[in-house]
Every structure is written in structure tokens, then in C-alpha cells.
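Student: I would like to see how this sequence folds:
(2 chains)
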Amino acid sequence: MLRSGASPNAFTFPFALKSCASLSLPAAGAQLHAHALKAGCEVEPFVLTSLISMYAHCSLIDDAGKVFDHCPQSRRLTVCYNALVSGYTSNSRFSDAVSLFRRMTEMGVSANSVTMLGLIPVCSLPVHLGVGTCLHCCCVKLGLDRDSSVGNCLLTMYVKCGSVEDARVLFDSISCKGLITWNAMISGYAQHGHASHVLDLYREMKSCGIRPDSVTLVGVLSSCALLGAYHIGCQVERQIELSGFNSNPFLDNALVNMYARCGKLAKAWAVFDAMPEKTVVSWTAIIGGYGMHGQGKLAVNLFEQMLQAGIRPDGAAFVSVLSACSHAGLTDEGLKYFNAMEKKFLLQPGPEHYSCMVDLLGRAGQLQKALDLIHTMRVHPDGAVWGALLGACKIHKNVELAELAFERVIELEPTNIGYYVLLSNTYNEANNMDGILRVRMMMRERKLKKEPGCSYVEHTGKVHLFLAGDRCHPQTKEIYRMLNELEDWLKENHNLDKSYLERRDDERLSGTGVHSEKLAIAFALLNTKQHGREIVVIKNLRVCEDCHLFIKLVSKAVDRQFVVRDATRFHHFEGGVCSCRDYW
DNA sequence: CTAGGGTTAG
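Tutor: Numbers count the residues shown, from 1 in each chain, chains lettered A, B, ... in the order given. Purely as a prediction, here's the structure:
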């Protein structure tokens, strides 16, 4: 049109500018800007709005600001402010967005829902929670919180600022919850790892007659992956088939991840293989799955295949391959990838990569090298880095270095009880009673109490959670009876060693209570009888040796298969054979 | 000018 000599007017500019915005064509956009100036219509509210939006979408946010500043105040309508506010937000300019909103209010320009929808998402980090809460108050004052979009937006803001609790309070206060409201809360819980809350909400949502869509199911699947809730995951897959969603990369990645983490590698592979377009996220999920289940060599092969397919690995992909190497004892490969990461792929390793490397070297017994690596780190080591060294010191019974690692880790995470327990266990193996007492004293002084471990079992579409010594479950009586029967039976038929029985009595007397994984196993046996071949138990701590023995003997006795997943790895118990391939 | 999504050890 321009070439033909015709000049655009106030009605045609917005359309043309919108195309520049969506295609990110800043040069063409700037040319249109020049034409608008010539035509003298750049201060027409809709032209102005489109210009701001165009520059903002082209990441030229300062140019957007200039256009706005050159416009006389009388022409700055709400829509113009809205365009610039959302421009600042999408370019992550927190203080600019907030101060423009303040200016707008001071100038007496009224904010509407769209203003808030453009502004609220600028609060996306925990430090923004205070401002986000203020914005929530503004919405209430302006009567905009009744707008369902604004409510959903606020809900997501609380999630991004790290307060799922505030999000939940808001969620409960929303009387007309739409699909998006449910999805925002479900994925909020999923992103923060509150997996059992996700499954509870999912059930509730369905009972309210809301039909889940693919966004819902992505959140549910990632929670199934965290919990190892394979059967619920399968139900979700059936739901996908029933609903007839077309194959969607988000959903496929979530499925691959779910199957992989539940140990169903063949199924994970089938979904992965059938994916029309595999992204680095898909590869990371499948590599992590093989690595987690002791198939380190396969994981490394897949990483190579990914490189050959021309996919650039990112930080997460390196975490999955490095941890696979660590679990499988592939020390040299791990070192090779770690070096390639910086030199060949120009990725700055973060603390999470160093903690994998310290774990890798530490497990291989190269404690000094692990320590040297920490000293050469260019980023600040976090608790996980020193914690990995501490874990390695326990394996290799190096008390002296354990003390050093403990000192460092406790500066960073003074209330993480796991590390006190790790040091105490290191002392225990070295028969260092003084050390154990010192740790206990420290914990008492700091008023730290070991939090109860917990285990989950999924049964009939629900996740049943047990704490150590738990008596809250409706079937408590039967569960304990079953457990006693099992242990008596094991005692008579398997010469259970004396120390196990002593520790068991100790457990009951001292009130620390029966280990949660034993309760979960007893519950599962009680409810599934001979049906169902596999039970998945997940624990947030490590499986201790006694429980290992218990589960191994039970699985042999009843000829059942168990997979126990703890904080660090999966343990497979099949008819009495305990295969912990990644304990090397 | 406008609310919801997948991958990361210990």
C-alpha cells in the first residue's frame, strides 16, 4: 500500500503495526512509525497504543516508552497506559511497570481489568510477593477482583511468587471456579512439588463436573511422576485417548516423564519414539528416566543421539546425563560431559552441575578430587554441593572430610536435618560415640527435631500417605496386625538377624514409631491381596538397611514385586531379589 | 492492551 503511494490512516495503522508486532519486525514497524508521524496521527489513541505494543513485542521497550512520553497527557487514555504497562511486564521491567501504574493512578486515569491483567504478572519472583499482595488489594478496592480473569491472574501471581498457601486461600474464596481457575491451582501445586494436593484437587474438580483439558492433565501427570503413581498415570492416558486431544508436545513430554519416573521405560520409550517433534525437554525426560533406573549406558547413548539429532542440550539436559553417569559409575564419561558443557556448548555450569560432579567423583572414592573441584568453582557452592561431598564421605567412611563438609553445609542450610543425620551415621560407622553425642547436642541446642519420614502407596486412584508410627489411617488396626504377622512370620522362617529384632523393639519403645515404608507395604498387602503385581512406595528419605531387608524378605515370601523410590533412587524388589543397580 | 502447561540431583 505504501509503495502504491496511498497513505495509511488512523484505521489502517493499527492492523499493520499488529503484524509487525506478531512477526517481530522492528524495522518495518519503525518505518510505519515514521509514516504515522508524517501523517500526524501518531497521537491518535489507537495508533499510539499499537505503536507501543509493536515496540514492546519487538523487545524495544525503551522506544515504546519514548512514544508514550512524547504523547500529550490529554491523549493518554487507559488503553495507552495498558499497552505500556503490559509491555514493561512482558519485558520483565518490574519497577517501570509498577511506577507507571502509580503514575496512572495519580493522574486520575482509571485502571480496568485489562490494566491489572497486564500488570499483575510482573510479580513473578518471591521478592515481588509484597507488591503482588498490594495489587490484589487494589483490585479489591476497584472492584476488579470479581472479574474471573483477574482472579485467575492473581492466583497465578501468588504461585509464581512462591506462596501456594496464599494462592489456595484465594482459590477457596473464588465462588465460580472455571476450568482455568482449577488449572492454575493444579499446576501451581504441581510446580511446587505438592503432588498429593494435585491429585486431591483433580478428584475434586471432576466431582464438580468440570472436564479436564490438556493443561490439567499435564499438571496431573507431572505429579504422578513425582509420586510414582503409575496407575493414576495410566488412567490419565486413557482419559487423553477418550477426550481425543490431538497429540500435544506438552502432554507427550509429561507422559514420557511419568512413565520414565515410574520405571516403565518401555512405555516411556514408545511415547517418546512416536513423538513427531522431540525437543530438548523430551530428551531430558527420557535420559533422566534411564539414568534413574540404573541404565546409565543407555542414558549416555541417548544423550549422544540427541546431539546427533542436532538438539542443543541445555542446563537441565546436562543435569540428567551427569546424574546418570554418577548413578552408573561412569566417572570418565561424566567428566567428559562436564568439560564439554563449558568448552563446547558454552554453558556456565551452575551449582546443580557441580553437585552432580561432586557426587560422581565422591562415589568413585575420589574425595580429594571432589574437594578440589569445589574449590575451583566459579559460582558459589550451595548446600547440595557440600551435601553431596558429605554423602560421599559417609560411603567411604572419611570422618575428617565429613566434618569439613558438614561445617560448610550447615552454614548454608542450618535447619536441614538430613545433614545432621548423615554426619551422625558417618560417626556411627566409625564407632565414634563422642561424635554422635556432639551431633545430638547440636540438634538439641538448635531445637531441631528430625521430621518424620513418609511413604505413599497408591490404591484405587488415591494416594495413601503414612508417617513413621502413623495411626491416622482408617485401617490402622489391620495394618499393624498385618505388620506384626509379617514380622513374626519372617522371624520364624528366615532367621531374621537379632539386631533387626532389637532395633524393631527399640523403634516401638522409643516412640520413633514404625518406619513409614513398612506401614505402606502392609497397607498395600492388606488391600490388594494377590491381585496387582506391583506396588510403588515412595519415601522422602533414604530407605534404611532394615527396611531394605524387610521388603526384600516380604517380596520373596509373597512373590510380589515392589518398587520403592526414595529421595535419591529407585530400589527394585522382585521376588526376593533386591536389585539396586545403582548402588555400586 | 488480556488469566492456566512439559525437563533438572541430593
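Student: For the rest of this, base every contact and every neighbour count on C-alpha atoms.
Tutor: Will do.
Student: Identify the single longest helix in chain A, thanks.
Tutor: Using DSSP state H, we find that the single longest helix of chain A is helix A:476-494.
Student: The residue lying closest to A:S326 once chain neighbours are set aside is in what secondary structure piece?
Tutor: In space, and not counting its chain neighbours, A:S326 is closest to A:L360: 4.4 Å by Cα to Cα, 6 or more residues apart in numbering. Assessed by DSSP states H and E, A:L360 sits inside helix A:351-363.
Student: That helix close to DNA strand B?
Tutor: Yes. Using Cα under 7 Å from any atom of the strand, we find that helix A:351-363 touches DNA strand B at A:P351, A:E352, A:S355, A:C356, A:D359.
Student: If I take the host helix or strand of A:F318 and helix A:351-363, what angle do their directions form?
Tutor: Assigned by DSSP H and E, A:F318 belongs to helix A:315-328. Between helix A:315-328 and helix A:351-363, the angle comes out at 10 degrees (axes from the mean of the first three to the mean of the last three Cα atoms, to 10 degrees).
Student: for the helix or strand just after helix A:315-328, which positions count as buried?
Tutor: The helix or strand immediately downstream of helix A:315-328 is helix A:331-343, counting by DSSP H and E. The neighbour-count check on helix A:331-343 (16 or more other Cα atoms under 10 Å) flags A:T331, A:E333, A:G334, A:L335, A:Y337, A:F338, A:M341 as buried.
Student: Which pLDDT value goes with the last one?
Tutor: At A:M341, the model reports a pLDDT of 96.
Student: what's the closest residue to it other than its chain neighbours in contact with, if anything?
Tutor: Nearest residue to A:M341, sequence neighbours excluded (Cα to Cα, 6+ apart): A:L347, at 5.6 Å. With contact set as Cα atoms under 8 Å, 6 or more residues apart in numbering, A:L347 has these partners: A:D314, A:G315, A:M341.
Student: On the three-state scheme, A:L347 is what?
Tutor: Here A:L347 is coil, with the state taken from DSSP: H, G, I helix; E, B strand; the rest coil.
Student: Quick check: phi and psi at it.
Tutor: Backbone torsions of A:L347, given as degrees, to the nearest 10, read phi -100, psi 130.
Student: Go ahead and produce PDB holding the CA coordinates of stretch A:100-119.
Tutor: The C-alpha trace of stretch A:100-119 is given here as PDB (Å, rounded to 0.1, in the frame of the first residue of the first chain):
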ATOM      1  CA  LEU A 100       3.800   3.600  35.600                       C
ATOM      2  CA  PHE A 101       0.700   2.100  37.300                       C
ATOM      3  CA  ARG A 102       1.300   4.500  40.200                       C
ATOM      4  CA  ARG A 103       1.600   7.500  37.800                       C
ATOM      5  CA  MET A 104      -1.600   6.400  36.100                       C
ATOM      6  CA  THR A 105      -3.500   6.400  39.300                       C
ATOM      7  CA  GLU A 106      -2.100   9.800  40.300                       C
ATOM      8  CA  MET A 107      -3.100  11.300  37.000                       C
ATOM      9  CA  GLY A 108      -6.600  10.100  37.700                       C
ATOM     10  CA  VAL A 109      -6.700   7.700  34.800                       C
ATOM     11  CA  SER A 110      -8.900   4.800  35.800                       C
ATOM     12  CA  ALA A 111      -7.500   1.300  35.700                       C
ATOM     13  CA  ASN A 112      -9.600  -1.500  34.400                       C
ATOM     14  CA  SER A 113      -9.300  -5.300  34.300                       C
ATOM     15  CA  VAL A 114      -7.000  -5.200  31.300                       C
ATOM     16  CA  THR A 115      -4.600  -2.900  33.200                       C
ATOM     17  CA  MET A 116      -4.500  -5.400  36.000                       C
ATOM     18  CA  LEU A 117      -4.100  -8.400  33.700                       C
ATOM     19  CA  GLY A 118      -1.100  -6.600  32.100                       C
ATOM     20  CA  LEU A 119       0.400  -5.600  35.400                       C
END
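Student: That one: which residues count as buried?
Tutor: The neighbour-count check on stretch A:100-119 (16+ other Cα under 10 Å) flags A:L100, A:F101, A:M104, A:A111, A:S113, A:V114, A:T115, A:M116, A:L117, A:G118, A:L119 as buried.
Student: Stretch A:469-476 now?
Tutor: Quick answer for stretch A:469-476 (16+ other Cα under 10 Å): A:G469, A:D470.
Student: for that stretch, what is the average pLDDT?
Tutor: Here the average pLDDT along stretch A:469-476 is 82.
Student: residues from the stretch 351-500 of chain A in reach of DNA strand B?
Tutor: Residues of the stretch 351-500 of chain A lying close to DNA strand B by Cα under 7 Å from any atom of the strand are A:P351, A:E352, A:S355, A:C356, A:D359, A:G383, A:A384, A:V385, A:G387, A:A388, A:G391.
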